[in-house]
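> What shape does this take:
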Amino acid sequence: MVVEHLEAYEIALIIWSVLLGLIGLQGLISIYLEGEVEEVGVYAPSTPPWKLIALMAALTGAVVWTAWALMQQIVQGSAAGALGPLAATMAFLLAALVGLYRRYFIADEVIAQQRDDGVPW
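Residues are numbered from 1 along each chain as shown. Sure thing, here's the model as predicted:
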């Protein structure tokens with residue numbers, strides 16, 4: 001993107017819109033992963049199908065392979081341009097693995113209490 005013709009406030013508006021878009025995307029992903037809260041209590045985790053377990057096993061294998069490849073690149077003294085995409089791939093694979101684990105293997109506990117913070121909602 002060429003920003004030579006933009007003013008400082010226009011660049012700031014672009015940066016803020018990208019930032020708020022990313023935060024909104026994170027919120028939508030969080031709502032999808034957390035699910036809807038129907039009533040207060042403790043919910044057992046969803047029963048994961050075998051396809052999900054196979055996907056998680058494949059993701060785990062991909063993370064291990066990516067970590068091994070990254071360590072090989074570091075030992076060989078590769079440039080940062082080659083290490084960055086490999087490290088980013090590993091981070092995204094780990095995020096997907098943790099998100100799936102959170103969604104299907106951890107029980108939800110909802111705590112409801114009256115809010116007493118002095119703010120008139």
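
> tell me the mean pLDDT for stretch 11-20?
For stretch 11-20, mean pLDDT rounds to 90.

> That stretch: how far from the chain's middle?
21 Å (CA atoms, centre = their mean, to the nearest Å).

> And the helices in this protein?
8-34, 50-76, 80-105 (DSSP state H).

> Report the buried residues of the shortest one.
Neighbour-count burial for helix 80-105, with 16 or more other CB atoms under 10 Å as criterion, is recorded at 86-87, 90, 93-94, 97, 100, 103-104. C-beta: built from backbone N, CA, C; applies to glycine.

> ok, and what's touching stretch 51-67?
Applying CB atoms under 8 Å, 6 or more residues apart in numbering, the external contacts of stretch 51-67 come out as 86, 89-90, 93-94, 96-97, 100-101, 104.

> CSV please, covering those and showing distance to residue 16 and pLDDT.
As requested, the contacts of stretch 51-67 are exported to CSV (distance: CB to CB, whole Å; pLDDT from 0 to 100):
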residue, distance to residue 16, pLDDT
86, 31, 90
89, 28, 93
90, 30, 93
93, 30, 94
94, 28, 93
96, 28, 92
97, 31, 92
100, 32, 87
101, 33, 86
104, 35, 80
